[in-house]
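Chemist: What follows is a protein structure lacking sequence information:
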């Protein structure tokens, strides 16, 4: 999702770039319809969901942050995409949680520089043709 959003932002699909933050935690949760006979919402509840929400609040725009249980589940192939952010304390959580993050900002900055260079080169070439 983040890679696709980067491409759309580079194409300037919207007036201003859209930023997205993703946080994933793994564990048990209550999932289902909650409400009364007049109004029912499909929702998820529980400590797992609350922790995911807390982790998301510390996630930098354009990045993905995951908890240690998720990091253990994703396997060696994908674990290398995440760097440890250290153990963190979160409101409403009675223990410290190891958190991991992607490091996409540096990669995106390089992409933006390449795009800017390409545009500049094309502008120079087109001005030569017009001249």
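Modeler: Good, I have the coordinates. Here the structure is a predicted model, which is why all the values come from computation and not from measurement. Numbering: from 1, shown residues only.
Chemist: Give me the residue ranges of this protein where confidence is low.
Modeler: 105-131 (pLDDT under 70).
Chemist: Helices along that one, start to end?
Modeler: 2-10, 47-57, 68-73, 76-79, 104-130 (DSSP state H).
Chemist: what's the closest residue to residue 23 other than its chain neighbours in contact with, if anything?
Modeler: Sequence neighbours aside, residue 56 is the residue nearest to residue 23 in space, at 3.5 Å (criterion: Cβ to Cβ, 6 or more residues apart in numbering). Just so you know, the C-beta spots here come from the backbone N, C-alpha and C atoms, and that holds for glycine as well. If you count contacts by Cβ atoms under 8 Å, 6 or more residues apart in numbering, residue 56 has them with 21-23, 65.
Chemist: and the residues you listed, which are buried?
Modeler: Buried subset of these (neighbour count, 16 or more other Cβ atoms under 10 Å): 21-23, 65.
Chemist: With respect to residue 34, which of the residues you listed is nearest?
Modeler: Closest approach between the buried ones among the contacts of residue 56 and residue 34, by Cβ to Cβ: residue 23, at 22.1 Å.
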